[in-house]
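Undergrad: My questions are about this predicted structure, shown below with the sequence.
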Amino acid sequence: MFCNYCGASNDNDAEFCINCGGSLSKLRRVKKFLHKRLLNARFPLNKAYLLKALFDVSFEQFVSFKIIKFIYGLSILSAGLIALLFVIAGFRVSLLFGVFVLLIGAPLIFLLIVLYSRILLEVILLNFRTGNHKIKKEEQPESVDSIEWNV
């Protein structure tokens, strides 16, 4: 189970997140959820989480969880700039081609780039989360029965 607040991997029967302490119960009130989200919506550099995770030589924290929103924002910005460049190039060729690129080509290019970057980032995050979940499962000691049966 992954935390909705910080994205950390937790046991399936856990009631609270091991990373941020947020409630993992299924019956959350929407008001409490939105209030927590608004409080935690600050940029990670304010609390130095990003810098702490970046220089963590033991690799106990993943940087990707903290900067994925920033990378996605950059991909949206670059998609907009690429679409704008296509519009400018279209108007340099001819007026009719420029209008075509403005109305059909640029929005299609923007949509495809944003869709591709979103899917790629989600696949990367999924790989990190499953890897983190496997590591946490391997760290748990196996339960050993201390009962010896003498029959």
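TA: Received the coordinates, thanks.

Undergrad: From the contact counts, what lies against the lengthiest helix in the chain?
TA: Scanning the chain for the helix with the most residues, using DSSP state H, yields helix 106-139. Helix 106-139 is packed against helix 64-93, with contacts defined by 3 or more C-beta pairs under 8 Å, 6 or more residues apart in numbering; DSSP states H and E. For glycine as for every other residue, the C-beta is placed from the backbone atoms N, C-alpha and C.

Undergrad: What number of neighbouring residues does residue 12 come out with?
TA: Look at residue 12: counted by other C-beta atoms under 10 Å, it has 6 neighbours.

Undergrad: Could you do residue 58 as well?
TA: If you count neighbours by other C-beta under 10 Å, residue 58 ends up with 5.

Undergrad: Same check on residue 112?
TA: Residue neighbour count, defined by other C-beta under 10 Å, stands at 12 for residue 112.

Undergrad: From residue 24, how far out is it?
TA: Counting by C-beta to C-beta, to the nearest Å, the separation of residue 112 from residue 24 is 36 Å.

Undergrad: can you list the domains in this structure?
TA: 1-41, 57-139 (automatic domain parsing).

Undergrad: Could you export the ones you listed as a markdown table, including mean pLDDT?
TA: Listed next are these as a markdown table, based on pLDDT from 0 to 100:
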| stretch | mean pLDDT |
| --- | --- |
| domain 1-41 | 65 |
| domain 57-139 | 86 |
